[in-house]
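S.K.: Using only what follows, build the 3D model:
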Amino acid sequence: MATITEFQKIGVGLMGFALFFLLFGVLLYFDSVLLAFGNILFLAGLTFIIGLRRTARFFFQKHKFRGSFFFLGGVSLVLCRWPVTGMVVESYGFFLLFRSFFPMALGFVLSAVNIPFLSAFVSSSQSMV
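M.R.: Numbers count the residues shown, from 1 in each chain. Take a look at the predicted model:
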């Protein structure tokens, strides 16, 4: 079992706050200050979790250049007070950056059907017509 360092714990906390600010920034009609703060916390949390060198290596890989360009461009648009356009561009960049992760995440979610209390909900929802 891998040990979790104090920096990684701080990073998880920063990511939680980032999710909170991004969610409420969208709920409050794309409030640019909340979205900008959420973006900054997301990048800081990612840096704390995987480290500065690995974060830079992740964003500046040759095959991820387009995704990094759109994601960081969207963050900069949000910081320049264009929140709706920035979030659309940032979402596209996020999809391009993390598209190799989505099949693994989907497999994990679908494997949750094997958990006893969840399989009861899934089997009962499928039998209802």
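S.K.: how about Leu96, phi and psi?
M.R.: Main-chain dihedrals, Leu96, degrees, to the nearest 10: phi -70, psi -40.
S.K.: Repeat that for Leu28.
M.R.: Dihedral pair for Leu28: phi -90, psi 40, per degrees, to the nearest 10.
S.K.: residues in contact with it?
M.R.: Going by C-beta atoms under 8 Å, 6 or more residues apart in numbering, Leu28 touches Leu34. All C-beta atoms are positioned from the backbone trio N, CA, C, and that covers glycine.
S.K.: got a pLDDT number for it?
M.R.: Residue-level confidence at Leu28 comes out at 95, pLDDT.
S.K.: again, but for Asn114
M.R.: 70.
S.K.: That one: how many residues sit nearby?
M.R.: Neighbour count for Asn114, taken as other C-beta atoms under 10 Å: 9.
S.K.: If you count residues, where's the longest helix of this protein?
M.R.: Across the chain, the longest stretch assigned as helix under DSSP state H is helix 6-27.
S.K.: Mind checking what helix or strand follows that helix in sequence?
M.R.: The helix or strand immediately downstream of helix 6-27 is helix 32-50, counting by DSSP states H and E.
S.K.: how many degrees apart are that following helix and helix 6-27 in direction?
M.R.: Between helix 32-50 and helix 6-27, the angle comes out at 160 degrees (axes from the mean of the first three to the mean of the last three C-alpha atoms, to 10 degrees).
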